[in-house]
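Peer 1: I would like the atomic coordinates for the input below:
(chains A and B)
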Number of protein chains: 2
Amino acid sequence: MPWSRKLNFEIIIRIIGVLLIIEGVFMLSALPFSWYYATGDIFAWVFFDGQHDFWPLLLSALFTLGIGCVLYYLVGKEVKKSIGKREGYIIVTFSWVVISLFGALPFVLSGAIHSYTDAFFETISGFTTTGASILNDIEAVPKGLLFWRSTTHWIGGMGIIVLSLAILPFLGIGGMQLFIAEVPGPTPDKLHPRITATAKRLWGIYVILTVVETGLLMFGGMDLFDGLCHAFGTMATGGFSTKNTSITGFSPYIQYVITLFMILAGTNFTLHYLALHGRLKDIWKNEEYRYYLAAILVTTIIITITLVVDNTSPIETSFRDSLFTVVSILTTTGFVTSNYLTWPGALWFLIFMLMFVGGSAGSTGGGIKIVRQLLLFKNSFLELKRLMHPQAIIPVRMNNRPVSQDIIFNVLAFFLIYMIIFAIGTFIMSIMGLDFESAIGSTVAALGNIGPGIGSVGPIGNYADIPVAGKWFLSFLMLLGRLELFTVLILFSPAFWKR
Amino acid sequence: MPWSRKLNFEIIIRIIGVLLIIEGVFMLSALPFSWYYATGDIFAWVFFDGQHDFWPLLLSALFTLGIGCVLYYLVGKEVKKSIGKREGYIIVTFSWVVISLFGALPFVLSGAIHSYTDAFFETISGFTTTGASILNDIEAVPKGLLFWRSTTHWIGGMGIIVLSLAILPFLGIGGMQLFIAEVPGPTPDKLHPRITATAKRLWGIYVILTVVETGLLMFGGMDLFDGLCHAFGTMATGGFSTKNTSITGFSPYIQYVITLFMILAGTNFTLHYLALHGRLKDIWKNEEYRYYLAAILVTTIIITITLVVDNTSPIETSFRDSLFTVVSILTTTGFVTSNYLTWPGALWFLIFMLMFVGGSAGSTGGGIKIVRQLLLFKNSFLELKRLMHPQAIIPVRMNNRPVSQDIIFNVLAFFLIYMIIFAIGTFIMSIMGLDFESAIGSTVAALGNIGPGIGSVGPIGNYADIPVAGKWFLSFLMLLGRLELFTVLILFSPAFWKR
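Peer 2: Modelled structure (predicted):
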């Protein structure tokens, strides 16, 4: 697809209009829960009291639908269908921002969240599947709003699947071309048919897994509301819970179910597609998947042993807490069953390191991603070989195929920019008055779309006390991390807008 | 130079023999100071009491000289002169280890340092120009030993100049080929003549700068002993002082002199060579040098303003402390005039970030080095351009010349391995019981050859309380960092020893 000479603003506006219509419809889906769980007069015309959510949800939904329709029909039906790369970049970034701006409305209108800053933070944290919260008392929020809050995760997860498996490879972002290699689908000469075909297949899997998890959670005693909310939070690797103590209070059975589905959500979705078609051998050939499972296994064993030696809690509890925490952080979900900040120092640091790893490419997980790290490791250690054989050309291999230098460069640039943003982010957060650990913790947790970090924003803390400017900045970091950096950064390049 | 089929062990032993002889001679040079500052009977045949250093120094020197001669003559004069790359790697790593093993002897024999672990730590910290100390009361140590301690810095600095400007480029380490481009000298077809020629030129500059600094320090009131020791510590970007409070107690004049010479020591020594030949224009063309000065300027201004706003101390003091600390950390010297850990949070983090930057390539400074970071920054931001023009080949340019992909790869591998070692190192140090900040601080300070870090090993702390295993591990990190990682790591590759 050529780099278009003139920006096709019409198609950008039209697509954002469609997304707003979809968002409005999803918002309406929270109304049954608002109605079912209402105490007192459900239809009371009351706003900003923090108790009533029916009208706030309905009005926000209608407003969002209305604006969506205006944007969609405003540009008429004559719009040219061609979407170039530039339009792609703009659509991706702006759609996340715009749906977050609208998605924050119910929280503000209902008064469940007082400031628009906080509401926007909570909403973009949902759509980016981060799961960082400013709510001090989650259980006091009306159920309709909580359902909408969890729905933002689920929508964000859907967006990410299409983004990472269909759009980003097409845009050439972050070496993702590599991971798309095995996706079955039409040749990508046009963006539109490819997205449609891929989206249909993978959303099907996403929906099925969500339904199955909800069923398993309800089998373990959750009601439909809790089941759906936690399944949404799991499959999107989001991390919003409906409880103040996250998953801590639920039964071991439920904790294991969530662990299993976090692992599935952190897996490349094309592998699920292969599994459905019985191509299990191909799955095992996938190096990223093997390292993903190995990373979970090894860190869980290390932490379990240390906790057993160190603690008075029984082996099963230590194992369950270790496994849950490792999977939750590695997949960037951010659900919590135990406060890892109270673990011995070295374990604590191990968890901190996991925050940089992230899920698999093509999953709903955030962070740097395992396949990128694998490539970087391989390339670094091949350098020793290259030193010994300066004349030889020694390419990095992945899944038994040589990886082109362009992809390596792309991945290296990604890693470096990630680290630079991490450093600058920590600096900015410490300017805003956060202590060292909290500054590091909030930056890595936002950029990696994890949710809980270290310091005051750790597993039992939240983001309520971050200054206003800090909340906007962290929102920006969530967006940057979620959209694989380049998608957003390229919009800041003057050359992008020039020709 | 070909990758030799059979290792020429004779030449390795012979060269290490020569280095031991040189070390023994340097050790003797501490005797006049031992004699001059002796209290009581200088020649008293007393060992291990922490007070007498004449015999310990003399015996250690003779022992080192003796072993050196044995190694040198053992292999006879028939030895083949050819040094291949493999021999180069082995000589570089082993020479630093062996001279540290011998250099620790006077400390142990005199009893100034009780355990051999501590003595080795102090010595390798000297030879790697790190400046991390285990001494709780520096001023209680006899002057001859303190002189030897500072001399290890100076010898290490000499070694590093040859290493970084003549040997490493030849070995293809860490993209250093790039920085050697402008070094005047014979074509490098043989290692030996190149080293000799380069070494002579650059050692001349090193000696001159040391003499001038000593003179300026004595002009400001230091005696010859303090002047030499601090000049050694400055020019090697080492950081050992003869005072418990480092440079804090000295006059502003002396602090400014040391600042100036730290800046000079952190500069690529080929630029000094160009300066001596009046080629000032060529110096200004050097991008790394411009960024080096800009980094000092910008961070000093930020810190000065914040300290002035925040503090009660006068502007000049704030400026002097800021400049001194920035230069001391950036050049990886590690002299201290104020406790930066008590500065406001964000400044503190800025200093921490400087610990990753390091001096210029071809200087005595450690760390990642500015030119590498420049290359990485440039490459990362060019990636945005590459995304917009996927067909175009857009090379990174340095000093107006395109940089080959091989060098970029080399630098990227260096950076990544540095970060991996940093992460693993922090993990290992926290296993040994250090808290988060101290674990991070000790790792970055050792790996970057800085000296003071953060946490308990900060500017007013030291390394005395680190567990024994931790001291050996940090010693290894100092060596790794000082020898640009690959030189040491390649020795752990089985392929290195096979053919």
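
Peer 1: only C-alpha atoms from now on, for both contacts and neighbour counts.
Peer 2: Fine.

Peer 1: A:G365: neighbour count?
Peer 2: Close neighbours of A:G365, defined as other Cα atoms under 10 Å in any protein chain shown, add up to 36.

Peer 1: ok, it - contacts?
Peer 2: Residues counted as contacts of A:G365 (Cα atoms under 8 Å, 6 or more residues apart in numbering or on different chains) are A:A236, A:T237, A:A265, A:G266, A:T331, A:T332, A:T333, A:G358, A:G359, A:N449.

Peer 1: got it, and A:Y72?
Peer 2: Contacts of A:Y72 by Cα under 8 Å, 6+ apart are A:I13, A:R14, A:I15, A:I16, A:G17, A:V18.

Peer 1: same check on A:G359?
Peer 2: Counted by Cα under 8 Å, 6+ apart, A:G359 has contacts A:G266, A:T267, A:Y292, A:L330, A:T331, A:T332, A:G365, A:G366, A:G367, A:I368, A:K369, A:I370.

Peer 1: out of those residues, which comes closest to chain B?
Peer 2: Checking these against chain B by Cα to the nearest Cα gives A:I368 as the nearest, at 13.7 Å.

Peer 1: need the residue in chain A that's farthest from the chain's center.
Peer 2: A:Q391 (43.2 Å; Cα atoms, centre = their mean).

Peer 1: now that residue, what's its secondary structure?
Peer 2: coil (DSSP: H, G, I helix; E, B strand; the rest coil).

Peer 1: contact partners for A:V309?
Peer 2: Here A:V309 is in contact with no residue (Cα under 8 Å, 6+ apart).

Peer 1: look up which helix or strand it falls in, please.
Peer 2: Using DSSP states H and E, A:V309 falls within helix A:287-310.

Peer 1: show me how far that helix is from its chain's centre.
Peer 2: Helix A:287-310 has its C-alpha centroid displaced from the chain centroid by 23 Å (Cα atoms, centre = their mean, to the nearest Å).

Peer 1: buried stuff in that helix?
Peer 2: Buried residues in helix A:287-310, defined by neighbour count with 16 or more other Cα atoms under 10 Å in any protein chain shown: A:288-289, A:292, A:295-296, A:299-300, A:303-308.

Peer 1: identify the farthest-apart pair in these.
Peer 2: The most widely separated members of the buried residues of helix A:287-310, counting by Cα to Cα, are A:E288 and A:V308 (29.9 Å).

Peer 1: now do the longest helix seen in chain A: which elements does it pack against?
Peer 2: Under DSSP state H, the helix in chain A containing the largest number of residues is helix A:191-219. In terms of contacts (3 or more Cα pairs under 8 Å, 6 or more residues apart in numbering or on different chains; DSSP states H and E), helix A:191-219 is packed against helix A:143-162, helix A:224-235, helix A:252-265, helix A:269-276.

Peer 1: average model confidence for the second one?
Peer 2: Okay, so that is helix A:224-235. Here helix A:224-235 scores 97 as its mean pLDDT.

Peer 1: counting neighbours, what do you get for A:T64?
Peer 2: 25.

Peer 1: tell me the contacts of it?
Peer 2: Counted by Cα under 8 Å, 6+ apart, A:T64 has contacts A:L20, A:I21, A:E23, A:G24, A:F102.

Peer 1: between those residues, which sits nearest chain B?
Peer 2: A:L20 (28.5 Å).

Peer 1: and the closest residue to the closest one other than its chain neighbours, what does it touch?
Peer 2: Spatial nearest neighbour of A:L20, excluding adjacent residues (Cα to Cα, 6 or more residues apart in numbering or on different chains): A:G68 at 4.8 Å. Applying Cα under 8 Å, 6+ apart to A:G68 gives the contacts A:I16, A:G17, A:V18, A:L19, A:L20, A:I21.

Peer 1: before we move on, the earlier item: quick check: angle from the longest helix of chain A to helix A:269-276?
Peer 2: Angle of helix A:191-219 versus helix A:269-276, following axes from the mean of the first three to the mean of the last three Cα atoms, to 10 degrees, is 70 degrees.
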